[in-house]
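> can't give you the sequence, but here's the structure:
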DNA sequence: GCCTCCTTGTGAGCACTGCTCTTGTTAATG
DNA sequence: CATTAACAAGAGCAGTGCTCACAAGGAGGC
């Protein structure tokens, strides 16, 4: 199963990026990769149109002009297809975040932070059902397979890099609050720092994690309607949140929108 | 429709709280209220067992020993039943938050803040599917009716009261950041302050709203598995988050866990 | 008491779902 | 060329939300 997925991803990427290496791929393999992609594309179309639980294998097959049973040659179950869409969504979000980060020079910490956060919100607003699929409540009985954790970490890596670069440039405010972290949390902070933010002090790591949860908390609240009746200008609220939480993390102050 | 719901809620509460007032209610009304409660109870049982999309009207009817079509005499649709469960969930969460708030004396701002936040997390962990139903991605095509907004506001009222009382007691830190809020956000902050936090300066209102989104962001992340592999000690992380975000809002510092 | 209404419960039925299994077909390989 | 493995199709199962015609039984007016 794991191998099957791996080969699928590999051939899929090859099709997408280069389109080359035809000699080693038989017509069947190409057809399989193409049809697999057609299925996920149609499934994503239905997902974006009506949400995850309205996604129907039979409807996908119908739209593709094939028998519904034939679809099970490509995805073992509905959950399997959903997992593919989840991976795609994580990747898409990670990609826009990376792209937003790349629009600013490396030293523009505040600008990068703003850009990445704004990219997350924009992507979520543009792809609400895909965002909900990933950051909403997991569909019942569904447990995220391990293959989702790598694409899922993409966005967190981008956010962590901003904090790390701030610390490396010496512009990260100390932020020590005078009390020690509880032991298990200190261990978590140390491990996270070693993994993604070397050189960042534990308190700042925790603040970064808090900012991470806040970012997705505010986006989810806006998207899922919990802000209606309370915040009428969600974009302004979001911008202020990004700025305030940025300084909370210790990032350099904002010279104003640019 | 609205009247039908209203009468249901009224009779429901009467049954639950006093059990009295039998003279004005016919046997039919009592039977209806009882059966309505039986249905929601069984539905909640199934919800807690397997999640929202596994909730089946037919299964509920089967368990209650009645025809599935009879259930439509009490709830117009599956969404209607889900809405009743959502209202109940909001109410349950609001109740535990109010109860947690009441365990501390009014002047113990930090203790109240901690207690309320911890109550939200505890309730979420104890009722993951009900939490997901409310704060996860809304089920597709489902739009929250207006009747959910009042119970939904219960928890926010509790949180706002803590900030308001802190300001009233003069222990709320200024928290002005030197830059003015964007216009639409300033209007939101003023309105929210007037509604729930009179006397609290705009910047603090916004920080309170940020804390609100952060609270549910971190709980959702823990519950939906986004912390796995990153934070191994979610409770410690949560406690630190509550403390740090509390001071971010301007609440009085924490003299340590009590 | 009686005789309407109106509410309640029933069962059949429709259109749909995920998924399985058998049957035939086609493409790659020895 | 013959074998094998992948593939597509269709029937079918068990389940879903929901509708509708119909039968029982209280509630209220006479």
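That came through fine. Everything numeric here is computed off the predicted structure, so don't read it as measured data.

> ok, for the single nearest residue of the stretch 151-258 of chain A relative to chain B, nearest residue in space, not its chain neighbours?
In the stretch 151-258 of chain A, the residue that lies nearest chain B is residue A:217 (2.0 Å; CB to the nearest CB). For glycine as for every other residue, the C-beta is placed from the backbone atoms N, C-alpha and C. Sequence neighbours aside, residue B:217 is the residue nearest to residue A:217 in space, at 2.0 Å (criterion: CB to CB, 6 or more residues apart in numbering or on different chains).

> Number of residues surrounding the one you found?
Using other CB atoms under 10 Å in any protein chain shown, residue B:217 is surrounded by 27 other residues.

> For the helix or strand containing it, give the mean pLDDT please.
Secondary structure assigned from DSSP states H and E places residue B:217 in helix B:202-223. The average pLDDT for helix B:202-223 rounds to 97.

> next structured bit after that helix?
Next along the chain after helix B:202-223, taking DSSP H and E as the criterion, comes helix B:234-249.

> Enumerate residues external to that following helix that contact any of its residues.
When contacts are defined by CB atoms under 8 Å, 6 or more residues apart in numbering or on different chains, helix B:234-249 is touched by residues A:177, A:181-185, A:188, A:206-207, A:209-210, A:213, A:244, A:248, B:110, B:113-114, B:117-118, B:121, B:163, B:173, B:175, B:204, B:207-208, B:210-211, B:214-215, B:218-219, B:222, B:227, B:231, B:253-254, B:257.

> Please spell out which residues along that helix are buried.
B:234, B:236-249 (16 or more other CB atoms under 10 Å in any protein chain shown).

> gap between residue A:62 and DNA strand D?
Counting by CB to the nearest atom of the strand, to the nearest Å, the gap from residue A:62 to DNA strand D is 11 Å.

> which SS class is that residue?
Under DSSP: H, G, I helix; E, B strand; the rest coil, residue A:62 falls in the helix class.

> Could you report the neighbour count for it?
13.

> Excluding covalently adjacent residues, which one is nearest to it?
Excluding its sequence neighbours, the residue lying closest to residue A:62 (CB to CB, 6+ apart) is residue A:68, at 7.5 Å.

> tell me the secondary structure for the residue nearest to residue A:152 when sequence neighbours are not counted?
Spatially, and ignoring its direct neighbours in sequence, residue A:152 is nearest to residue A:90 (4.9 Å; CB to CB, 6+ apart). Under three-state DSSP, residue A:90 falls in the helix class.

> Indicate the residue of the stretch 1-150 of chain A located nearest to DNA strand D.
Going by CB to the nearest atom of the strand, DNA strand D is nearest to residue A:69 of the stretch 1-150 of chain A, at 2.7 Å.

> Contact residues of the stretch 51-200 of chain A facing chain B?
Within the stretch 51-200 of chain A, the positions adjacent to chain B are A:51-54, A:129, A:132-133, A:135-141, A:144, A:149, A:152, A:156, A:177, A:179, A:181-185, A:187-188, A:191-192 by CB under 8 Å from any CB of the partner chain.

> Which of these fall in strands?
Of these, none are assigned to strands by DSSP state E.

> Any of these buried? List them.
Among these, those buried by neighbour count (16+ other CB under 10 Å) are A:51-53, A:129, A:132-133, A:135-140, A:144, A:152, A:156, A:177, A:181-182, A:185, A:188, A:192.

> Considering the buried residues of helix B:234-249, which is situated nearest to DNA strand C?
Checking the buried residues of helix B:234-249 against DNA strand C by CB to the nearest atom of the strand gives residue B:234 as the nearest, at 30.5 Å.

> Surely residue A:193 touches residue A:206?
No. Checked against CB atoms under 8 Å, the pair residue A:193 and residue A:206 is beyond contact range at 10.0 Å.

> neighbour count winner among these two?
Counted by other CB under 10 Å, residue A:193 and residue A:206 do not tie: residue A:206 has more neighbours, with 26 against 22.

> Contact residues of chain A facing DNA strand C?
Counting by CB under 7 Å from any atom of the strand, chain A comes close to DNA strand C at A:26-28, A:55-59, A:68-69, A:72, A:77-79.
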